[in-house]
Structures are given as structure tokens and as C-alpha cells.
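[1] here is a sequence together with a model predicted from it:
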Amino acid sequence: MRMQALLGVELPIIQAPMAGVQGSELAIAVCNAGGLGSLPCAMLSLDAMRQELAVIRMRTTRPFNVNFFCHSPPVPSAVREQAWKAALLPYFEEFGIDPTAVTSGPGRHPFNEEAADVLAEFRPEVVSFHFGLPSAKLLARVRSWGSKILSSATTVSEARWLEAQGVDAIIAQGLEAGGHRGMFLSDDLHTQIGTFALLPQMVKAVKVPVIAAGGIADANGVAAALALGAAGVQVGTAYMLCPEATTSTLHRAALMSKESELTALTNLFTGRPARGIMNRIMRELGPIRADVPAFPLATSAIAPLRQAAEARGIDGFSPLWAGQNASGCREIPAASLTRLLAGLSVASEPLAELER
Ligand SMILES: Cc1cc2nc3c(=O)[nH]c(=O)nc-3n(C[C@H](O)[C@H](O)[C@H](O)COP(=O)(O)O)c2cc1C
């Protein structure tokens, strides 16, 4: 089944939920252009989430997707906290940050009953999860509103597991993808393979529709994914320069520069592996370390460093999330990008140029 029939949209394009670089504005623009816009909620308070959802309902009548992380809350480890702070100490000194003032604590919220209470007020057409699924009870609550349920899988085994839990579609997230790996059955990074190797195997293994994600940045990429059996695609990185995204100036500059050609998986910023543009701290500490606190506890120690560096215009301590294919990033309205991805024409001349 094509994604359009399943999710009630015109185009087979999902704008990937991207916590930290977008809110309702991007989602609304994509929905109104015929794609499926997404609101990432992992970093939103309940009040902010309610406000964003109200804005979306007000400004579009189309289906939209609301996205959550569903990791298990971490067990803090004093040993790892200490080791992490020790590794960061030279940088705290360089930027004049008092290490004793650095607090620890979670920086990302998993989906829970309180978030479900807010969601119940809006009953979104689609709800997607990252890092597996929430409890069966919570999932049943989401399903009771008629919301279609999506989740990311990075391996065929994860796809089979999600199908057994009754999801409506599976997002095949390949190695190229920007941001956090949705992996949840294994923490072995070698298990995730490239999108166009993963997709056909997943399509063969499960009966539910499979949506391709990772490294897809233009109409040819979308067509290739559909030819390999995808019901639709989920595109993240390509939307990050759109004016409706909230991507920071430093992050935009990195995406537009040659730097964006080198990305790596790193757990330094949150405790879980995510793909971002290589920067100073990734280079100097090594992008993956065993002594980093569990997700999302690593975030709080690095946050003051990031803040101090960004205030000086330095991007070396910021998570510059991006996929391996930033070639589709364009400073054009999200509606135009959505149409171009779907192989449709756009009205204005400079944009029509991009189609060639
Ligand atoms: C900046 C950024 C933030 C992301 N945040 C989320 C998120 O909050 N939830 C989620 O399910 N996926 C998130 N992802 C992953 C996307 O859902 C998707 O897998 C990825 O963007 C697809 O690869 P591409 O970036 O190459 O298009 C994020 C990706 C990026 C680039």
C-alpha cells in the first residue's frame, strides 16, 4: 500500500521530525504542500507541545505526524558522570566555565502518560516513535484515537519486531541518516546498513508498508526508493535550510560548507549514537566513547560548553546533526522542496531551475 492511501496525504513524502531544528512552522508548510509534516516532541515541555499542536490544528486541515522518543529512563552512573566531566575539564577551563556549576540530568523526555494526555486533546492522524515503542498500554491509548502508528527500524529484525507489535508502517532508517539511530534491539553500531541495502530486505521481510529514510535528498532519490518497494520516504537533512526550520546560524553555515561532506556517528552529545558533521570535540575526544553517560544524561555536562562556544561563534561543541547527503539542502520554502522531492514542478523561475 502506498503511503498516501495509508496516511491520507497527497505526496509520498514525510518531513522527518527533527528535534532541536524545527517546530510547527516547518510541519505546517509541508502539510499544506501535500506531504506529511512532523512535530518532534522529544525536547518540548508539555505546555510547549500543547501550544505547537494548537497552532498546527489552526493552520492546516491536513493530516500531520507527532513524534516522540521512547527510550527507557537511564540509570545514572556516578563513575561515568565523573569520567565524562574529567574528559570535558580542559574545555571548561578553556572557556572559563566552573565545572562545579555543571549539573547533570536528563535532556530528552520519553513518551509517557502526561504527553499522551496532551495528545488526546488533538488526536493527530499519525504518531511516530524513535527507539522502539512505548508500553503496550500507552500504545493502545494512541491507537484508540485512530492515529496511525509509525516507528523507525534500523535492521530487518527490528522491522519484524515492530510488525509483531502492530505498527501501521515502518521507517527503514539507513546508516546515512542524520540524527539519532532509532536502534532499539541492539546497541552494536555495525548492525545498521545503508538505506538502499536495508530497504529491499525489509520490504521482503514484513507485510506492512516500509518508508525509506536516510540520504534521500532529491526527486531521483525518492524515485529510487519507491522503485525498491518503499511506500514513501522520510526526508530530514534536506529540509534544514528551509526558512521555516529553526536551524541555528552556525548549523546552517556548516551545512552549506564543505564541512558537511564529513559526518560521523557520535555519542558525545547525548549518550546515544547520532550522525552529525564532524567538529572539534568529535575529533579530539573521538566520536564514540564508552565513558559517556547514558542517553540523555550526557547532554547536561556538554550544554554549558556548547553555549559558551556558540556565543563566540564557534561550532566545535554543538551537535551539528546531518545525514551523509546534504546536497539536497536548499534555502527554499519547505512547500517548494516538498514538491520538488515528489518530482513536481514549482511555480517560480529560480526554483524551476533546480528541477533540471
Ligand atoms: C537534525 C535532526 C534531528 C532529528 N531528530 C529526530 C527526532 O526528533 N525524532 C526522530 O524520530 N528522528 C529524528 N531524526 C532522524 C530522522 O527521523 C530521519 O531518520 C533522518 O533525518 C533521515 O535521514 P536524512 O537526514 O539523511 O534525510 C533527526 C534527524 C536530523 C537530521
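    Great, that's in hand.
[2] spit out the contact partners of Arg141.
    Counting by CB atoms under 8 Å, 6 or more residues apart in numbering, Arg141 touches 116, 120. Bear in mind the C-beta positions are built from the backbone N, C-alpha and C, glycine included.
[3] residues in the protein within reach of the ligand, list them.
    Proximity of the chain to the ligand (CB under 6 Å from any ligand atom) is limited to residues 16-19, 21, 40, 42, 67, 130, 152, 173, 176-179, 213-216, 234-237, 321-323, 325.
[4] repeat that with 5 Å
    16-19, 21, 40, 42, 67, 130, 173, 177-179, 213-215, 235-237, 321, 323 (CB under 5 Å from any ligand atom).
[5] quick one, strands of the stretch 101-250 of the chain?
    Secondary structure of the stretch 101-250 of the chain by DSSP state E, counting those that start in this stretch: the strands cover 126-130, 148-153, 169-173, 179-180, 210-213, 232-235.
[6] contacts for the fourth one next, please.
    Where contact means CB under 8 Å, 6+ apart, the residues beyond strand 179-180 that reach it are 16, 18-19, 69, 130-131, 236, 270, 272-276, 321, 323.
[7] make it 10 Å
    16-21, 40, 42, 69, 71, 108, 130-131, 152, 173, 213-214, 236-237, 265, 267, 269-270, 272-276, 295-296, 319, 321-323 (CB atoms under 10 Å, 6 or more residues apart in numbering).
[8] with just CA atoms, put stretch 81-92 into PDB.
    This file holds the C-alpha atoms of stretch 81-92, laid out as PDB (Å, rounded to 0.1, in the frame of the first residue of the first chain):
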ATOM      1  CA  GLU A  81      29.500  11.100  35.200                       C
ATOM      2  CA  GLN A  82      32.900  11.600  36.700                       C
ATOM      3  CA  ALA A  83      34.800  10.300  33.800                       C
ATOM      4  CA  TRP A  84      32.800  12.500  31.400                       C
ATOM      5  CA  LYS A  85      33.300  15.600  33.400                       C
ATOM      6  CA  ALA A  86      37.000  14.800  33.600                       C
ATOM      7  CA  ALA A  87      37.200  14.400  29.800                       C
ATOM      8  CA  LEU A  88      35.500  17.800  29.400                       C
ATOM      9  CA  LEU A  89      37.500  19.600  32.100                       C
ATOM     10  CA  PRO A  90      40.200  21.000  29.800                       C
ATOM     11  CA  TYR A  91      37.400  22.600  27.700                       C
ATOM     12  CA  PHE A  92      35.600  24.000  30.700                       C
END
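[9] pLDDT on it, on average?
    Averaging pLDDT along stretch 81-92 gives 93.
[10] residues making contact with it?
    77, 97-102, 104, 268, 271, 280-281, 284-286, 289-293, 297-298, 300-302, 304-305, 308-309, 316-317.
[11] and that stretch, what's buried?
    The neighbour-count check on stretch 81-92 (16 or more other CB atoms under 10 Å) flags 81, 83-85, 87-88, 91-92 as buried.
[12] ok, now stretch 32-45?
    32-42, 44.
[13] just the closest residue of the stretch 101-250 of the chain to the ligand, please.
    Gly236 (2.1 Å; CB to the nearest ligand atom).
[14] number of nearby residues for that residue?
    26 (other CB atoms under 10 Å).
[15] cool, and Gly232?
    By the criterion of other CB under 10 Å, Gly232 has 28 neighbours.
[16] and Leu228, by the same measure?
    19.
[17] quick one: pLDDT of it?
    At Leu228, pLDDT is 98.
[18] cool, the one 4 residues further on as well?
    According to the model's per-residue confidence, Gly232 sits at a pLDDT of 98.
[19] I figured it was touching Gln15, is that so?
    No. Judged on CB atoms under 10 Å, Gly232 makes no contact with Gln15 at a distance of 11.5 Å.
[20] find the residues that touch each one of those two.
    The overlap between the contact sets of Gly232 and Gln15 (CB under 10 Å, 6+ apart) consists of 35-36.
[21] one step back: any of the contacts of stretch 81-92 buried? List them.
    Applying 16+ other CB under 10 Å to those flags 97, 102, 104, 268, 271, 281, 285, 289, 292-293, 297-298, 300-302, 304-305, 308-309, 316-317 as buried.
[22] just the ones of those residues in helices?
    281, 285, 298, 300-302, 304-305, 308-309 (DSSP state H).
[23] what's the local residue count around Val156?
    18.
[24] quick one: contacts for it?
    172, 191, 193, 198, 201-206 are the contacts of Val156 under CB under 10 Å, 6+ apart.
[25] ok so, going back, from the buried residues of stretch 32-45, which is closest to the ligand?
    Pro40 (3.7 Å).
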